[in-house]
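S.K.: Quick check, what structure comes out for this input:
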Amino acid sequence: MTDVADIDRAPFGRLRYGKQYGAEHWRGNVSLPGFGEPFSIIVRAGRSGPSERQTAAMFAVVANASSLRQQATQPMAELHREAGLPFSGGDKNVWSILQPEEIEVSDESYYRDGRIFVALIFGSTLEPDFAPAIETADGHFVRTLSGT
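M.R.: Predicted structure coming up:
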């Protein structure tokens, strides 16, 4: 087991270990192609760092970033309409009102079948309390989440 306060590991970049309310995690910042600004990232992992499955899921998110954005465009626009947050232009313009906020990487217990949940969470410039997300399993698109 590693006894360090921080690590530098692809694809996560530099991560710092922490523990809050008994839950262990690693935090850092990561950029994804096509999403502009970096996301903060939290990886639910113990002192030894992200697992092989978490690492593989995050590599898949990075590799599939443009596809994830494309798959989430219409559902993300629909979430805004359902929340009463109109924006101008077509569905593709939804990305102009979304800002990358955080990526959360679960451990193997989230889905109970070993897949890794990775959520890409955004802030909406139209409503500070609205934080929609893209849910992935092992790096593949599942659905969008309203985050309200």
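
S.K.: So what touches the helix or strand where Leu79 lies?
M.R.: Using DSSP states H and E, Leu79 falls within helix 65-82. Helix 65-82 is contacted from outside by 32-35, 61, 86-87, 90-92, 94-95, 97-98, 120, 124, 126, 130, 132, 134, 136, 141, 143-144, 146, using CB atoms under 8 Å, 6 or more residues apart in numbering. All C-beta spots, glycine's among them, are computed from the backbone N, C-alpha and C.

S.K.: Just the C-alpha atoms of the helix or strand just after it, please, in CSV.
M.R.: Counting by DSSP H and E, the next helix or strand C-terminal to helix 65-82 is strand 98-105. Extracted in CSV, the C-alpha atoms of strand 98-105 (Å, rounded to 0.1, in the frame of the first residue of the first chain):
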residue,chain,number,x,y,z
LEU,A,98,-22.8,24.7,-19.4
GLN,A,99,-19.6,24.9,-17.5
PRO,A,100,-17.5,21.8,-16.4
GLU,A,101,-17.7,21.5,-12.7
GLU,A,102,-16.7,18.0,-11.4
ILE,A,103,-16.2,14.4,-12.4
GLU,A,104,-17.1,11.8,-9.8
VAL,A,105,-15.6,8.3,-10.1
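
S.K.: mind listing what's buried in strand 98-105?
M.R.: By neighbour count, and taking 16 or more other CB atoms under 10 Å as the criterion, the buried residues in strand 98-105 are 98, 100-105.

S.K.: Please report the distance of Val62 from Pro100.
M.R.: Distance, Val62 to Pro100, by CB to CB, to the nearest Å: 14 Å.

S.K.: hey, what's in contact with both of those two?
M.R.: In contact with both Val62 and Pro100: Leu32, using CB under 8 Å, 6+ apart.

S.K.: thinking again about what came up before, tell me the angle the helix holding Leu79 makes with strand 98-105.
M.R.: Compare the direction of helix 65-82 with that of strand 98-105 by axes from the mean of the first three to the mean of the last three CA atoms, to 10 degrees and you get 110 degrees.

S.K.: Max pairwise distance over the buried residues of strand 98-105: which two?
M.R.: Of all pairs drawn from the buried residues of strand 98-105, the greatest distance, 19.9 Å, lies between Leu98 and Val105 (CB to CB).
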